[in-house]
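Asks: Sequence plus predicted model, see below.
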Amino acid sequence: QLQLVESGGGLVQPGGSLRLSCAASGYTLNYAIGWFRQAPGKEREAVSCISRSGGNAYYTDSVKGRFTVSRDNAKNTVYLQMNSLKPEDTAVYYCAALSSGYVCADVEMDEYDYWGQGTQVTVSS
């Protein structure tokens, strides 16, 4: 079974940067990958996703221009580069794999098949 492991979270000051990684094991990462986050007391929300080939990427409006999703299929890893971080970006970030052939931006999060355990991102001075 595909297993996903996020890493790269931590504490950063406002305006700083972090790069999250989502590494796959068990199977080749031949899936569209979504990034989601959940802040304390809030529902989980979609942040970004990237197609299987990496040719298409999508972002929620609040992170456009600040976050960049990419993937290295040879390394079975997807990245989320987060720049100009704001306190409101504080959350647990999750990656998830979508096995269907649908465009990742067009599906609900409960259609994703495999989830990582999450990594905490805290933006605070």
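Replies: Thanks, I have it. Numbering: from 1, shown residues only.

Asks: show me what contacts the spatially most central residue of the chain?
Replies: For the chain, the residue nearest the mean C-alpha position is Trp35 (2.4 Å; CA atoms, centre = their mean). Listed by CB atoms under 8 Å, 6 or more residues apart in numbering, the contact set of Trp35 reads Leu20, Cys22, Ala46, Val47, Ser48, Cys49, Val69, Val78, Leu80, Tyr93, Tyr94, Cys95. Just so you know, the C-beta spots here come from the backbone N, C-alpha and C atoms, and that holds for glycine as well.

Asks: ok, which stretches of this structure are strands?
Replies: With DSSP state E as the criterion, the chain has strands at 3-7, 10-12, 18-25, 32-38, 45-50, 57-59, 67-72, 77-82, 91-98, 114-115, 119-123.

Asks: between the ones you listed, which gets nearest to Ala105?
Replies: Ala105 lies closest to strand 57-59 among the strands of the chain, at 3.8 Å (CB to CB).

Asks: from the chain's centre, how far out does the closest one sit?
Replies: Here the centre of strand 57-59 is set off from its chain's centre by 10 Å, with CA atoms, centre = their mean, to the nearest Å.

Asks: Contacts for it, please.
Replies: Here strand 57-59 makes contact (CB under 8 Å, 6+ apart) with Val47, Ser48, Cys49, Ile50, Ser51, Phe67, Thr68, Val69, Ser70, Cys104, Ala105.
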